[in-house]
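Participant: no sequence for this one, just the structure:
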């Protein structure tokens, strides 16, 4: 597979991000559109939260240009029903997230939009049909796979949305996951999906520049908002499904197909499960905001935002390295998952101990 399509998509998307985001910052300043400070927010100045507005146009435009170039320099590219379905779903979550960033929507409205976008994938024939031995389960029927698929898409969507609590965290974790998918799609000789992944990585690079290095007092800092986090969650869900679906016409059977997306999404998914369990134990609503996420715990023991970001990036990379080593050792996926959960629980226990010592 030619790497030209990947380079074009990555470069153009990043360049478009650097062009579009400053204009979004200026627009937000003129319209006084900011993510206002409150007792739960970590920032100390008003910051625009429309950074995600740049994601979809930058990615799609660079993707389309890369596809056109590749079409005339290599061979004909066929766009299948899956691609049409996922682009439609991306537009839905992007628009709903954007509306929510302007004027907050009710949780029911956002969940309904996510449900519709998630349901598009099974309607296009893309749904979980094999668990590859997880909990002793292999092939599953559409009656199980379709609702499971919709649930998992919405779960990942909200996991990325909830982990977006400090500068650069959601974007950095997503870049790691997207890079792994990019390597997988390159290996599988899937140029269309490789270009799509590269396009999202490109715009995230430009976004991180303004999000981490930007200064609120100078008007150069921006947050991604729901339009960005929901779009990222939806795209990662699609790439995970693309990788997991057992279809000989797409990719050969791989016993690690399910463990790979689970591994690269461990930090956001494990954290949201833990928070849900803790909220249930304390009788709190699932939609009620709090400071129980992993990044809040790291901040509570005295780390700053950049140090917290570094710790969680390293933790995610260590999980990837560990699971790869365990897979090479031919350990069962259930044993690998049990080890991952045990490490996560132990890490949270240490943070709880350190937090009490600080107090």
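Facilitator: Nice, thanks for sending it over. From a predicted model like this one, the values you see are computed outputs, not experimental measurements.
Participant: and the longest helix belonging to the chain, how far out from the chain's middle?
Facilitator: Secondary structure assigned by DSSP state H gives helix 4-31 as the longest helix of the chain. On the basis of Cα atoms, centre = their mean, to the nearest Å, helix 4-31 sits 19 Å off its chain's mean C-alpha point.
Participant: Also stretch 96-109?
Facilitator: Distance of stretch 96-109 from the chain centroid (Cα atoms, centre = their mean) equals 19 Å.
Participant: Check stretch 144-164 too.
Facilitator: Mean-position distance between stretch 144-164 and its chain equals 11 Å (Cα atoms, centre = their mean).
Participant: swap in stretch 141-159?
Facilitator: Relative to its parent chain, stretch 141-159 has a centroid offset of 15 Å by Cα atoms, centre = their mean.
Participant: With stretch 117-134 instead?
Facilitator: Per Cα atoms, centre = their mean, the displacement of stretch 117-134 from the mean C-alpha position of its chain is 18 Å.
Participant: Name the residues of that stretch that are buried.
Facilitator: For stretch 117-134, burial by neighbour count (16 or more other Cβ atoms under 10 Å) applies to 117-122, 124, 126-132, 134. In short, each C-beta sits where N, CA and C put it, glycine included.
Participant: And stretch 199-218, by the same measure?
Facilitator: Of the residues in stretch 199-218, those with enough neighbours to count as buried (16+ other Cβ under 10 Å) are 199-212, 214.
Participant: Counting by contacts, list what the following helix or strand past the longest helix of the chain packs against.
Facilitator: Counting by DSSP states H and E, the next helix or strand C-terminal to helix 4-31 is helix 55-73. If you count contacts as 3 or more Cβ pairs under 8 Å, 6 or more residues apart in numbering; DSSP states H and E, helix 55-73 packs onto helix 4-31, helix 81-102, helix 191-213, helix 225-244.
Participant: Would you point to the one among the ones you listed that's packed deepest?
Facilitator: Across the helices and strands packed on helix 55-73, averaging neighbours per residue (mean count of other Cβ atoms under 10 Å) puts helix 225-244 on top, at a mean of 26.
Participant: how far off helix 191-213 does it point, in degrees?
Facilitator: Angle of helix 225-244 versus helix 191-213, following axes from the mean of the first three to the mean of the last three Cα atoms, to 10 degrees, is 150 degrees.
Participant: quick one: helix 225-244 to chain centroid distance?
Facilitator: Averaging C-alpha positions (Cα atoms, centre = their mean) puts helix 225-244 5 Å from its chain's average.
Participant: for stretch 51-65, same thing?
Facilitator: 16 Å.
Participant: what residues does that stretch touch?
Facilitator: With contact meaning Cβ atoms under 8 Å, 6 or more residues apart in numbering, stretch 51-65 is reached by 8-13, 16-17, 20-21, 24, 87, 90-91, 94, 97-98, 101, 195-196, 199-200, 202-204, 206-207, 210-211, 222-232.
Participant: buried sites along that stretch?
Facilitator: Of the residues in stretch 51-65, 51-56, 58-63, 65 count as buried by neighbour count, 16+ other Cβ under 10 Å.
Participant: now these as JSON lines including distance to residue 239 and pLDDT?
Facilitator: What follows is the buried residues of stretch 51-65, written out as JSON lines (distance: Cβ to Cβ, whole Å; pLDDT from 0 to 100):
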{"residue": "51", "distance to residue 239": "21", "pLDDT": "91"}
{"residue": "52", "distance to residue 239": "18", "pLDDT": "92"}
{"residue": "53", "distance to residue 239": "22", "pLDDT": "94"}
{"residue": "54", "distance to residue 239": "20", "pLDDT": "94"}
{"residue": "55", "distance to residue 239": "15", "pLDDT": "95"}
{"residue": "56", "distance to residue 239": "16", "pLDDT": "95"}
{"residue": "58", "distance to residue 239": "18", "pLDDT": "95"}
{"residue": "59", "distance to residue 239": "13", "pLDDT": "94"}
{"residue": "60", "distance to residue 239": "16", "pLDDT": "92"}
{"residue": "61", "distance to residue 239": "20", "pLDDT": "94"}
{"residue": "62", "distance to residue 239": "17", "pLDDT": "93"}
{"residue": "63", "distance to residue 239": "14", "pLDDT": "90"}
{"residue": "65", "distance to residue 239": "21", "pLDDT": "90"}
